[in-house]
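Student: coords below, sequence missing:
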């Protein structure tokens, strides 16, 4: 029986219709909360200007009589973590200093409160700020491990909605956190729900849609939904300056997605793989009615489904392990290179996003511009995936991003607009390559180990995101160093990408022996003879992503 049995049986539904548009739009907007859950820390955990609380009786005296000076980012300012002992006096040259034993005073100019001012996450406790975001990404890493297995067992729809509710409920509980420890633990659970929700929406949409609709959804629409969620962060942050109210405002809309339970169906493909023929057929017949199409009766023949399920079971019984993606030189090099590339891309992407408050200018406008570049980047990546060469696109985008970020150090610090424009251009390139490399990696690995290959790369991506908050941490005291680090890593990743084989217009490998050779080992006599049409390339992309 054809491995495309399901696709062949639902072909009568067509590519686009009321059913497909409903699924396409609703699942795309379901990604909106995913875009602001982690990136809201740009404002929730920003550090307001602060200094030691002055001793009793010194509040009305000039600060220079009580606080020493220090240099931060080439600017002289009052110390944030020290005060004079015995102040206030006019001559402070002989005075010793002490820590902020009475606490801190925080500027209310930009924020009425953040988690930093709420729990004094400054000076000796400033390490807790990047750790808070890293713990969120730890939850994302855990969710990446378990969500696929759970959704394979219990269904895409159930896991999608359970994780959506989990993400929303734990975010709402976070609003009432009475300690940093409580906030941090809840953030791990929020991260777990966030990635599970996003991945299940991705898979559910890929299984409910066909070919061109699947391409537009998986490579563009769901990512644009994520970008819209990110756009909400600076808009809400500008209007709401208290961290609890901001988190509440961003979390509450998640409850609006619960009624989608009665609109979005379970994946008929998954139901069929479980032998639940009647349920799968009922969904397809309902979809046909929405599209005003008369379905064949029956849609799925029981005897064909039994063969289909048997073939799937036999495929699952063929045991492959993670050792199979490093068991020879060629696939081993591909695995090492792609994992390092994914790590660098994720580290740079989130590093640039989280470092936004350290840029000069209005932080809300900077964050808005950063989010807006994502919409452009995802649309560009969709075009690249249809018409472009994967290796050339990945390497050139990484090189361009790295070069632009390294240029930042050469721009005079007073040219703030030029610096911000360069950072946004670097962000545009790194976001585009993030979308491209996902499909590119899927096309590199053969079918028998594709899920394991992509999963391992996703793990590397999560490790990169775990590291990323520390770029913002470094940027609070040295604005240039994060761009030097991220730019250098991007250039290295771009150079490594040239080792990988090109996949555009090539058939997807089925077995490990079908894989293309890396460039340094490819024989000159091996010339690609397969060049698919545009439609064929779209189909191959979708098979790879799916």
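Tutor: Sure, I can see it. Treat the numbers as computed from the prediction; the structure is a model and nothing was measured. Numbers count the residues shown, from 1 in each chain.
Student: okay, CA-based contacts and neighbour counts for the rest of this
Tutor: Fine.
Student: confirm that residue 413 sits in a helix.
Tutor: No - looking at residue 413 with DSSP: H, G, I helix; E, B strand; the rest coil, it is coil, so not inside a helix.
Student: what is the burial count for the residue nearest to it when sequence neighbours are not counted?
Tutor: Spatial nearest neighbour of residue 413, chain neighbours left out: residue 419 (7.9 Å); criterion: CA to CA, 6 or more residues apart in numbering. Close neighbours of residue 419, defined as other CA atoms under 10 Å, add up to 21.
Student: what helix or strand is residue 419 on?
Tutor: Using DSSP states H and E, residue 419 sits in helix 416-444.
Student: what do you get for residue 7?
Tutor: Element membership for residue 7 (DSSP H and E) is helix 5-9.
Student: run through who's touching that helix.
Tutor: 210, 269, 299, 300, 308 (CA atoms under 8 Å, 6 or more residues apart in numbering).
Student: model confidence over the next helix or strand after that helix, on average?
Tutor: Next along the chain after helix 5-9, taking DSSP H and E as the criterion, comes helix 18-29. In this model, helix 18-29 has a mean pLDDT of 90.
Student: other SSEs contacting helix 18-29?
Tutor: On a contact count with 3 or more CA pairs under 8 Å, 6 or more residues apart in numbering; DSSP states H and E, helix 18-29 meets helix 180-208, helix 222-239, helix 277-290.
Student: tabulate the ones you listed (TSV), appending distance to residue 135, mean pLDDT and mean neighbour count.
Tutor: Listed next are the helices and strands packed on helix 18-29 as TSV, based on distance: least, CA to CA, whole Å; pLDDT from 0 to 100; neighbours: other CA atoms under 10 Å:
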stretch	distance to residue 135	mean pLDDT	mean neighbour count
helix 180-208	5	87	24
helix 222-239	19	90	22
helix 277-290	39	84	18
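Student: that older thread, helix or strand right after the helix holding residue 419?
Tutor: Counting by DSSP H and E, the element after helix 416-444 in chain order, helix or strand, is helix 450-467.
Student: hang on, the earlier thing: in the helix holding residue 7, what's buried?
Tutor: For helix 5-9, a neighbour-count test (16 or more other CA atoms under 10 Å) marks 6, 9 as buried.
Student: same thing with stretch 70-83?
Tutor: By neighbour count on 16+ other CA under 10 Å, the buried set for stretch 70-83 is 78, 79, 80, 81, 82, 83.
Student: closest one of these to residue 401?
Tutor: Relative to residue 401, the closest of the buried residues of stretch 70-83 is residue 80; by CA to CA it sits at 34.3 Å.
Student: wait, the closest one sits on residue 48?
Tutor: No - Residue 80 sits out of contact with residue 48 when judged by CA atoms under 8 Å, with a separation of 10.6 Å.
Student: about what we covered before: the residue nearest to residue 413 is in contact with residue 406, isn't it?
Tutor: No - contact criterion CA under 8 Å: residue 419 and residue 406 do not qualify, at 10.8 Å.
Student: so where do the helices sit in the stretch 251-400 of the chain?
Tutor: 268-273, 277-290, 302-317, 329-354, 363-387, 390-407 (DSSP state H, counting those that start in this stretch).
Student: any chance of those in JSON lines, with distance to residue 457 too?
Tutor: What follows is these, written out as JSON lines (distance: least, CA to CA, whole Å):
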{"stretch": "helix 268-273", "distance to residue 457": "24"}
{"stretch": "helix 277-290", "distance to residue 457": "32"}
{"stretch": "helix 302-317", "distance to residue 457": "21"}
{"stretch": "helix 329-354", "distance to residue 457": "5"}
{"stretch": "helix 363-387", "distance to residue 457": "19"}
{"stretch": "helix 390-407", "distance to residue 457": "15"}
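Student: any idea which of those scores lowest on pLDDT?
Tutor: helix 302-317 (a mean of 61).
Student: what's the distance between residue 158 and residue 67?
Tutor: To residue 67, residue 158 is 57 Å away according to CA to CA, to the nearest Å.
Student: show me which of the two is the more surrounded one.
Tutor: Per other CA under 10 Å, whichever of residue 158 and residue 67 has more neighbours is residue 67, with 25 against 15.
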